[in-house]
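Undergrad: sequence unknown, structure follows:
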């Protein structure tokens, strides 16, 4: 999942996050999430949590790419 985001670069990060979340949550789960119209910061955090859950990483490790300063 993280590889999708890294490969997409900044311009395609949102689309890559969408695709990765759809892979992780399934089509129906992703559709329900998409209907929430979350602010992007919340969406990034949710993505980090899903990545952590999927990979067994610590939440802080999975969310580092979302931190604009680190």
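TA: Sure, I can see it. Bear in mind the structure is a predicted one, so any value in this text is a computation, not a measurement. Numbers count the residues shown, from 1 in each chain.
Undergrad: name the helix or strand for the residue most central in space within the chain, please.
TA: Residue closest to the mean C-alpha point of the chain, counted by C-alpha atoms, centre = their mean, is residue 47 at 2.7 Å. Using DSSP states H and E, residue 47 maps to helix 40-55.
Undergrad: what packs against that helix?
TA: In this structure, helix 40-55 packs against helix 13-34, helix 59-62, with contacts taken as 3 or more C-beta pairs under 8 Å, 6 or more residues apart in numbering; DSSP states H and E. C-beta: built from backbone N, CA, C; applies to glycine.
Undergrad: worst average pLDDT in those?
TA: Lowest mean pLDDT within the helices and strands packed on helix 40-55: helix 59-62, at a mean of 68.
Undergrad: quick check, pLDDT for the closest residue to residue 57 other than its chain neighbours.
TA: Counting by C-beta to C-beta, 6 or more residues apart in numbering, residue 51 is the residue found nearest to residue 57 once chain neighbours are left out, at 6.9 Å. Reading off the per-residue confidence, residue 51 sits at a pLDDT of 84.
Undergrad: and residue 51, how many neighbours?
TA: 23 (other C-beta atoms under 10 Å).
Undergrad: next, the angle helix 13-34 makes with the helix holding residue 47.
TA: For helix 40-55 and helix 13-34, the angle between their directions (axes from the mean of the first three to the mean of the last three C-alpha atoms, to 10 degrees) works out to 90 degrees.
Undergrad: now helix 40-55: buried residues?
TA: By neighbour count, with 16 or more other C-beta atoms under 10 Å as the criterion, the buried positions of helix 40-55 are 43, 44, 46, 47, 48, 50, 51, 52.
Undergrad: report the distance from it to the chain centre.
TA: Relative to its chain's centre, helix 40-55 lies at 5 Å (C-alpha atoms, centre = their mean, to the nearest Å).
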